[in-house]
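Undergrad: Fold the stuff below for me.
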Amino acid sequence: MDEREFCQRVEASRDRLFRIAYAIVRDEQDCADAMQEALLRAWANVGGLREARYFETWLVRILINECKRLCAVRRKHPRLYTAPETPPADPALHDALMALDAKQRLPIVLHYMEGYSLEEIAWLLRVPAGTVKSRMHAGRRALKAMLEEG
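TA: Numbering: from 1, shown residues only. This next block holds a predicted model:
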């Protein structure tokens, strides 16, 4: 894959990558940092991608790993300043989704917002499909309770 094709495919996935990163790190600045690092890693390792048709899934896996790494760094070294974020379209749903544990939130975002199948999510998160189903079920139940409460 040459640089032009890499850039085109990244650009086509940019919004999806941002939403996935946001579901994990919950901060726009950290999303941008995680995406930048993930893209640098992907470009450095693009030769290891065996089949170009799996590019987006491969890139999402790199992004998830980078987000997890960044979350670990932020736990040890919190930022002193964060810029204000843009308001969400549905604040109640956004707040409820962000209140979920990341293990429940990420499969829900990947499935309902990004259209990944349960099997794809299981591969991306490196957990069994049954685990994805149970996390999504628990997440949907928690979301329903929070939205009915508020």
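Undergrad: what about whichever strand or helix holds residue 10, average pLDDT?
TA: Assigned by DSSP states H and E, residue 10 falls within helix 3-25. Averaging pLDDT along helix 3-25 yields 94.
Undergrad: so after it, what's the next helix or strand?
TA: The helix or strand immediately downstream of helix 3-25 is helix 28-44, counting by DSSP H and E.
Undergrad: That next one: how far from the chain's middle?
TA: In this view, helix 28-44 has its centroid 12 Å away from the chain centroid, taken as CA atoms, centre = their mean, to the nearest Å.
Undergrad: residues in contact with the helix or strand of the chain with the lowest mean pLDDT?
TA: None of the helices or strands of the chain scores lower by mean pLDDT, DSSP states H and E than helix 91-99, at a mean of 88. Residues lying outside helix 91-99 but in contact with it, judged by CB atoms under 8 Å, 6 or more residues apart in numbering, are 23, 26, 88, 105, 108, 109, 142, 143, 146, 147, 150. Where you see a C-beta, it was placed from the backbone N, CA and C, and this is true even at glycine.
Undergrad: Contacts only, for the first one.
TA: Applying CB under 8 Å, 6+ apart, one finds that residue 23 lies in contact with 97, 102, 105, 106, 109, 110, 113.
Undergrad: 7 Å - rerun?
TA: 105, 106, 109 (CB atoms under 7 Å, 6 or more residues apart in numbering).
Undergrad: State the distance from the most centrally placed residue in the chain to residue 63.
TA: Here the mean C-alpha position of the chain is nearest to the C-alpha of residue 20 (CA atoms, centre = their mean), at a distance of 2.3 Å. Between residue 20 and residue 63 the computed distance is 6 Å (CB to CB, to the nearest Å).
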